[in-house]
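*Asks:* coordinates only, no sequence provided:
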């Protein structure tokens, strides 16, 4: 039996800037993986994404803002890596806070939508 909460509607936050840059869940997930692994390559692999794609997304985020989001790290036995800058950490924290605000502010309306949704027999809890 499937958990009904797992199929509840979820709002998705995406910030679109006038210059066609976008900031959303995928880029934030990439930043979380970079923070956890210390590597753009490993972060990309964790998301089933090529190194090139991950690097292009990081490069795009670095161009979007007046401060770098991710910076290369030199040295170590295995060569360099990558780390979030203090600005990158703040960007990630603020984005996650915005997502939480959206979920909380829409909770009543999302519950109403869920209650009105037409589900196949046996899927309603």
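*Replies:* It's in. No experiment lies behind these values; they were computed from the predicted model shown.
*Asks:* give me the number of residues near the closest residue to residue 92 other than its chain neighbours?
*Replies:* If the residues on either side of it in the chain are set aside, residue 92 comes closest to residue 31, at 5.0 Å by CB to CB, 6 or more residues apart in numbering. The way it works is simple: take the backbone N, C-alpha and C, and place the C-beta from them, glycine included. By other CB atoms under 10 Å, 22 other residues sit near residue 31.
*Asks:* what about residue 31, which helix or strand?
*Replies:* With elements delineated by DSSP states H and E, residue 31 resides in helix 25-37, which encompasses its position.
*Asks:* and that helix, average pLDDT?
*Replies:* Averaging pLDDT along helix 25-37 yields 97.
*Asks:* now for it, which elements pack on it?
*Replies:* Secondary-structure packing of helix 25-37 (3 or more CB pairs under 8 Å, 6 or more residues apart in numbering; DSSP states H and E): helix 40-46, helix 51-64, strand 81-84, helix 86-116.
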